[in-house]
Structure formats: C-alpha cells, structure tokens
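Asker: okay, structure incoming, though there's no sequence with it:
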C-alpha cells in the first residue's frame, strides 16, 4: 500500500495540471488514470479536433486558391490520412504528459480508481487491485457524451464526438444533433470536408450560450457554406438502417419529417463521470448530478476535492486546469485567488470561429445593467481584408455606469486567439478608458478589439 | 530642477490636513531643517520642516486651506545654482515607516515593535500615499460612490483592491470577500450615515468642524456602534491616598513636584492592568492582543476638543515621573504641539471629571483599547466603618470594558483590585 500527500483521480487537463502543481509545491503525488494520460482533452477532444479542423481549413483554402491568385489542381481529401494526422498529434501530446509526470516525479497508476474512504482509493487493472492512501484526493474524472435515450450511440452509424474523431468512413449525408461547441465544430469539419450536413437544434438559435448576434451571424455564414440548419426542432426518433440512419425531426412548424442520413453525430451535452468511483458511500454532496464544491474546490467531505467537468459549469478544459491549480495550491497550504466564472472565455473552432467571455448583451440587461454596446465588423479591418477573411464582427458590452467590460463576443477568423486580450482586461478589472488607451498593433485583427470599445462610446474610427 | 513640496503624512492615519500657516514666503531661501509651514492634522498642529535646500519658488496652497490631501503638491522649491550640490529628492533618505494600509486591525503602539518607532514628521514617506493600489474598475466604482479607498484592504493580487472589495465596503457584494479596517468603514461615507443637514429658523451660526472635532466624532461613533460596552462602578475611599499624597508632596516640594490625585490614579490604573492582564487587551477580530505593558492614555481637554497623551509603561514609573510627564504633555497638548507618537497607542485610558464636581459617569472606550476608567469627584460622604457611621472622602470610579474581549467577572475583578490599590496606596510607591 502506497501513501501519498495527494492522489489525483483522472489525468485530464484538470487532473494532470493539479498533479504537476502539487508536485512543484513539494507534495508526494500520484495520479490514477484508466485510459490515456491527458484525458479526453488531448486524446479525444480539444486537441485532435483542432488537428482535424486544421486539415479542413487548409482544404477549404486550397479549394479557394483562385481567390488568392493561385491555382491548385486535383485537390482531394483523404479522410484516413486526415484522421491519421490527428491521431499523431494526440499521441505526441500524450507522450508529452507522460514526460511531465516523470519530470515532476508523479507516480502514475493505470487502472480504474475507486474511493474506499475519503483518504483511500483502490486501483484495479486487469483484475489486480492495489490500494493507495493519501491525505488528500482530488477527483477529476471528467465527463462523457450524453446519449439520446431512444438511440444510444453505437459507433457504426450513430456517433458521439469520439466516433466522429476516428470515422470508419467519410459520411456523405450527416445529421448533427445539438449545436453547442462540439456539434458545431464537427458539423463545420464535415461540411468543409464535403459532406452534406444538417444541424438540428432544439432551442431557437444555434450556439445558444453565445450572444444572440453571434448565433444569427453564424447561422447565416454556415447556411451560406451549404449547411442545413434547423432550429426549434427536435429529433423524435432515430433508427439505424442498412445504409445509415432514419431520423424523424419535428420542425419549428410542428410538422414531423422523416429523412435518411448516412451518419448521425449526437452532441446534446455531457454526463459527469460520477458512477463507480465510490462517491455514494462517502455521502458526497451533489447538485443536479455534479459534485458540489466551494471556491477552492473542496467537496463537503474533508480531504476530498473535485475539479473540472464533474463540478459546476462551464465544462471547459481551461476551467478544469485552473481549478486544478487552485485545489493543489490550497492543499499545499497556499491561498490562491478564486476564479470568477464570468472571466472564463469560451472558444468554438467552427469556420468562422466563435469566441466569447463574460455576459451576453441579453444577460447583462437581464442582470439589470444599463449597457453600452460596441460592434465592429471584419469588413472595416485592413488585415481581415488582406487575409480574405472579411466576415465576422467583434462586439463588446460595457456597464454604462462603471465602464466595466461585462462581455465580449466575437465571430470570424482567428477570434479564438483574440479573446484572451479581453479576458486579461476583464480579469484585471480594466475599464473602457484602459482599452482605449492601449495601442493595438497595425495591421492586425486585434485592432477590431480597439474599435469595438471605441464604438461602444461613440468614438469608432474606421466605420 | 524644481522640487515638488508635497503635503506630508504627519501621522500614520493622516489622510488630509489643514495648511494652517506658511512660515516662509515665495522667494525665501530655505535649507534642510528650516520650518516651512504649520500643518493641522486630525490631532495636533505640527511644524513641517524642509528636507531640501533651495528657494521657495511658488506657494500653491494658500494658508488656511483645509482638506489638503496627503501627497498633494503644496509648493515648489527651486534648487540653487547648478554649481550647488544637487538637491536631494523630496522623499527623505530614511523614510518613516509607512502606515500599513492592508493591516486588518491597526495594532496599537505597544503591540508591534514597528509601531514603537515614532512616526517622524520631519521625514514623511509620501510615496505610499500618492496612489492607492486598486483596479481601474474598483477606482471607478469608488469615484461613482464617493468612497475613499485609502484604508481598504485589497484581496486581489499583491493586496490590490478589486471590485469585490469595494462592493463589500458598500454591502453590495454578493460575496463580501474583503475585510476592511474598522477605521476604513468609517472613512468611507456609506456605513456611517452623516446626519442630515439641519434646516432651522433658530438664530445660529455655522461653526466649521476642526479636524480634531471630525476625528472625535468619527472615533466615538465607531466605538459606540461597534464596541459593546459594559460599565462597572465602585466607590473608593480616598482618605489614605490623600494622606499619602500630602506626605509625598511635602517631601517632593523641594524638587518642585506636586502630585495630583489623578497622577496617583494613573499609577493605580497601570498597576491594576498588570495585575489583571485579562483587562489589558485589544479585541482584534480573530485574535486578541494581550499587552505586557500598561500605557495609559490620559484624557486632556483642550480648546478644540480632547486629546489623550500617553504615559508609556506607567506601572514602572515613579509617581514623580508620571506627574512631570503628565504636566508636560498636557501643556503641549493645549498648544496643539503633541507629536503623533505621544497620543497614538495606549492600552487603556483614564478620564477624570472630578474637578468639575461630577459624581459619576460612564466613559466611551477609545478603540482599539478595551477599557477606560471614568473618575468622579472625591467628596465627603457618610461612610460606615465597623457598623458605625463616619465621614470619609469617597469617589466613584466606573470602568467601561469592551465586552467582546473582557468578561464581566474579569472587569469586576479589575475594579476590585483598583479599589484595593487606592485604598491601601502604599502599593503605588512600592
């Protein structure tokens, strides 16, 4: 039986970061992982999808080479080669995490971890079980895709994100159920790769957590690219057939239409991995299926901590990592600053990209703020035009009384790389004047961030 | 190179002051140590000395201006000709210890060795007061709401004041993370409602508050609102003490010393604090400070209000020394010339209204001290000794105790010990 200062259960972006931070602070740390170091994020999520989307993006550019005065002949996509590259990227990063564990002298225990007590854990691998004890245990078991109750994903014709990442064949006619970040990214990828894509969203707009202006803009852009988008629509039934799937979709008008698709991706949300890890016996407090934690990631059971997707939203890798650091530093006796959920950015890597932080305009008004809103289009930005990426906008929402940046919402090329500018500003509690006084380099897309702020105060220069 | 002469922080708590009088005029040549101005702080009028050499080129704040913020430029000094040695920077080479704006509870003088070093008015450290470390948003909200951030403890990185701290100050924050000093909550306008302006037809004149009056108002309000007072009164027979005083004064006459009853009561109070240490304390939120020395703040009435000069370590000082110190401090207090270290701190206070014929009264504790002794007039009263009615000189003394820190039984023990010391006064000279 091995004894540790800290055991981390789950090695995703929350767990492995927590382990590294704790080891840096001098704790004796073990990490328990049932599958791949790095978790979903870098094996089956964030990173490999970005690799796929990069291929799709280059493919898109090659198809539009003429727009740039170039000729590209005989362009074709080899889905197997694209997937192979994506797997290679994931593997490289997986090995990177292995190296980081070694470097920080973190003991890796592969197997299924289960809590026996708040300070004791069993790890089972191939029928063999070992027991570990620790002063503290961080739960970072993550989440998985939510299934449709009437049509669980089987990997043949009905996929989750995980199947969609390693498709057995290129779908011809794809149905994507759910238009959150995961659904829209795969819809965008397969659309770019040449599939005929339909997206079904129950709510009245796609990417429903984003600002309504972003949803409207993105729907138009994707529709222009040939995607079929049905909002306010629900899938009534889904059946596998010999050649694909048959879906009955009830549209906005209440009519049910049955259509055939070759494949279907279910992206209707996530389920936290809270089963079979021994939570029930310990009486760990839950809230709507997720673990309840305080601002330092403590559960109600002393010595037991939880971070990432098994806790409150947003369910994002960077939120998990940040919580991992907070938990590790707290355990090591530090006093880290709490994280403000309003300062956690979100990114969706469809084409065009979406990125945001803070409150939407509607949410800000709902919260009682009197707002000032700026909105600057890509069309007014020199760099965007030079790039041939003149579609999109950057919207900012300020509190009229204090100049606080309440939210920023972007859609367009590379906005996922821009959002951190506003995130820093929000975290540092800058006000409109600070953004206005900042010199933005020319020519860059970031100049639009400046213009958007200026616009909120009626000082826009280039429109 | 002209040097900016800035409003000095003449005491750790000073935020603004009145530029009472200029002692130089434009064109005057000054050198280090010359008196430049008299500045009235919340407690005293102090002289502001030059640390640089040069010629007063410009006076920017007229004398009589009040509410001059610490760090504000009040005059310009032009260095002498180029051949002369370069003038030193405004900040003195060894600045006085800066007030610690993030400390949750201001520790009284005796509790912390840092504070034992008296603030040096000649060498103020202005840099700390020049700016408040706060996020732009926190500053903006503070401006909007008219809040003063100088005493707010920030919870952001490196003590930076963030939005949540300001919201906690105004009670708006959903999660009040910030802790603020007790003074801060009073400096901020929100928590202590200013009395509404009085609109009256009764013939009157409006008298502007002195800084001292503002401080008294603030601190007494703070004490009565935040400190649960408990009052314990004893009657103390003074005959033995008066007899001893007479004998001591007879022998001290040649040295020109005349002990007052109050001098002896100061000593008695200090000795009692040492004997009952549970009452020699300060309540400090999560902690309590237990003092190992008794420093007595003596309430002295002055024309502009009241000030409490301190007899440091009074339990160890002979009565003669206490007497001369009290006389000297009181004289300077009446002239408004006390230095901050002479009136800031103390572990307990004494207030004597006997000379006005007041029989008994309850005094308001002077935080962060946890007790004050209110002394009434010594008077001849019918007195029972061995079941026989006699006449004795008796005074009533009332201790006010901070009930957060001191239990009733301890307070009662304190008053009992005090009574015994006064009634058997040889202990005061032993």
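Answerer: Sure, I can see it. Keep in mind that this is a model prediction, so the values were computed, not measured.

Asker: make sure residue B:401 is indeed in a strand.
Answerer: Yes. Counting by DSSP: H, G, I helix; E, B strand; the rest coil, residue B:401 falls inside a strand.

Asker: if you skip the residues just before and after it, what's nearest to it?
Answerer: residue B:411 (4.3 Å; CB to CB, 6 or more residues apart in numbering or on different chains). C-beta coordinates here come from the backbone N, C-alpha and C atoms, glycine included.

Asker: return the set of buried residues in whichever strand or helix holds that neighbour.
Answerer: Using DSSP states H and E, residue B:411 maps to helix B:408-423. Within helix B:408-423, the residues scored as buried using 16 or more other CB atoms under 10 Å in any protein chain shown are B:410-415, B:417-422.

Asker: okay, now the unreliable bits of chain A?
Answerer: A:1 (pLDDT under 70).

Asker: likewise for the stretch 151-300 of chain B?
Answerer: B:171-197.

Asker: for chain A, what are the nearby residues on it?
Answerer: With CB under 8 Å from any CB of the partner chain as the criterion, the stretch 151-300 of chain B meets chain A at residues B:155-157, B:162-163, B:177.

Asker: looking at the stretch 51-200 of chain A, which residue is nearest chain B?
Answerer: Nearest to chain B, among the residues of the stretch 51-200 of chain A, is residue A:138, at 23.4 Å (CB to the nearest CB).

Asker: partner strands of the helix or strand harbouring that residue, with direction?
Answerer: Element membership of residue A:138, judged by DSSP H and E, is strand A:128-139. As defined by DSSP bridges, the strand partners of strand A:128-139 come to strand A:2-9 (parallel), strand A:120-125 (antiparallel), strand A:304-306 (parallel).

Asker: just say which of those is most tucked in.
Answerer: Stretch with highest mean neighbour count among those: strand A:304-306 (a mean of 27; mean count of other CB atoms under 10 Å in any protein chain shown).

Asker: what is the subsequent helix or strand relative to that one?
Answerer: helix A:317-331.

Asker: other SSEs contacting that following helix?
Answerer: Packing partners of helix A:317-331 (3 or more CB pairs under 8 Å, 6 or more residues apart in numbering or on different chains; DSSP states H and E): strand A:2-9, helix A:15-24, strand A:128-139.

Asker: out of the ones you listed, which is closest to residue B:6?
Answerer: Minimum separation from residue B:6 across the helices and strands packed on helix A:317-331 (CB to CB) falls at helix A:15-24, 44.3 Å.

Asker: contacts for the helix or strand just after the closest one next, please.
Answerer: Downstream of helix A:15-24, the first helix or strand assigned by DSSP H and E is strand A:29-33. Contact with strand A:29-33 is made by A:2, A:4-11, A:15-16, A:19, A:22-23, A:37, A:39, A:101, A:104-111, A:113, A:121, A:123, A:132, A:134, as judged by CB atoms under 8 Å, 6 or more residues apart in numbering or on different chains.

Asker: adjacent strands (with direction) for strand A:29-33?
Answerer: Per DSSP bridges, strand A:29-33 is paired in its sheet with strand A:2-9 (parallel), strand A:107-110 (parallel).

Asker: okay, the angle between it and helix A:15-24?
Answerer: 170 degrees (axes from the mean of the first three to the mean of the last three CA atoms, to 10 degrees).

Asker: what's the spacing between strand A:29-33 and its chain's center?
Answerer: 24 Å (CA atoms, centre = their mean, to the nearest Å).

Asker: now the residue nearest the centre of chain B: how far from residue A:214?
Answerer: What sits nearest the mean C-alpha location of chain B, by CA atoms, centre = their mean, is residue B:344, with 3.9 Å. Taking CB to CB, to the nearest Å as the measure, residue B:344 falls 58 Å from residue A:214.

Asker: cool, and residue A:93?
Answerer: Counting by CB to CB, the gap from residue A:93 to residue A:214 is 29 Å.

Asker: same check, this time on residue A:437
Answerer: For residue A:437, the distance to residue A:214 - CB to CB - is 27 Å.

Asker: in stretch A:19-35, which residues are buried?
Answerer: Buried-residue list, stretch A:19-35, by 16+ other CB under 10 Å: A:19-23, A:25, A:27-34.

Asker: before we move on, what about stretch A:43-58?
Answerer: Under 16+ other CB under 10 Å, the buried positions of stretch A:43-58 are A:43-49, A:51-57.

Asker: same check on stretch A:292-306?
Answerer: A:293, A:296-299, A:301, A:304-306.

Asker: cool, and stretch A:197-212?
Answerer: Counting neighbours by 16+ other CB under 10 Å, stretch A:197-212 gives A:197-202, A:205-207, A:209-211 as buried.

Asker: before we move on, what about stretch A:324-341?
Answerer: For stretch A:324-341, by 16+ other CB under 10 Å, it's A:324-332, A:336, A:339.

Asker: swap in stretch B:53-63?
Answerer: In stretch B:53-63, the ones that count as buried by 16+ other CB under 10 Å are B:53-57, B:59, B:61.

Asker: rebuild these as TSV, extending it with distance to residue B:76.
Answerer: TSV is the format used below for the buried residues of stretch B:53-63 (distance: CB to CB, whole Å):
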residue	distance to residue B:76
B:53	14
B:54	9
B:55	10
B:56	8
B:57	5
B:59	8
B:61	11
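
Asker: and which of those is nearest to chain A?
Answerer: For the buried residues of stretch B:53-63, the nearest to chain A is residue B:61 (28.5 Å; CB to the nearest CB).

Asker: touching, the closest one and residue B:19? I think so.
Answerer: Yes. Look at residue B:61 against residue B:19 with CB atoms under 8 Å: they come within range, at 5.2 Å.

Asker: re the thing from before, the inter-axis angle of the strand holding residue A:138 versus helix A:317-331?
Answerer: Using the same axes, to 10 degrees: strand A:128-139 against helix A:317-331 is 90 degrees.

Asker: ok, and what's touching strand A:128-139?
Answerer: With CB under 8 Å, 6+ apart as the criterion, strand A:128-139 contacts A:1-10, A:15, A:18, A:30, A:32, A:109, A:111, A:115-116, A:118-123, A:277, A:279, A:291, A:297, A:299, A:303-307, A:310, A:324, A:327-328, A:331.

Asker: any figure for the gap between residue A:130 and residue A:37?
Answerer: Following CB to CB, the distance that separates residue A:130 from residue A:37 is 18 Å.

Asker: swap in residue B:166?
Answerer: Counting by CB to CB, the gap from residue B:166 to residue A:37 is 44 Å.

Asker: try residue B:132
Answerer: Distance from residue B:132 to residue A:37, by CB to CB: 47 Å.

Asker: leaving out the residues flanking it, which one is nearest to residue B:367?
Answerer: residue B:223 (5.3 Å).

Asker: kindly report the same for residue A:7.
Answerer: Residue A:7's closest residue in space is residue A:134 (CB to CB, 6+ apart), at 4.1 Å.

Asker: number of residues surrounding that neighbour?
Answerer: 22 (other CB atoms under 10 Å in any protein chain shown).

Asker: beta partners for it?
Answerer: Applying DSSP bridges, one finds that residue A:134 bridges with residue A:4.

Asker: looking at chain A, which residue is nearest chain B?
Answerer: residue A:429 (3.4 Å).

Asker: helix, strand or coil: sort out that residue for me.
Answerer: Per three-state DSSP, residue A:429 ends up coil.

Asker: that one contacts residue B:165, doesn't it?
Answerer: No. Residue A:429 lies out of contact with residue B:165 (CB under 8 Å); the separation is 10.5 Å.

Asker: distance from the chain centre to the strand or helix carrying residue A:82, please.
Answerer: If you go by DSSP H and E, residue A:82 is part of helix A:79-103. Relative to the centre of its chain, helix A:79-103 is centred 19 Å away, using CA atoms, centre = their mean.

Asker: same for it, what does it pack against?
Answerer: helix A:15-24, helix A:39-44, helix A:46-63.
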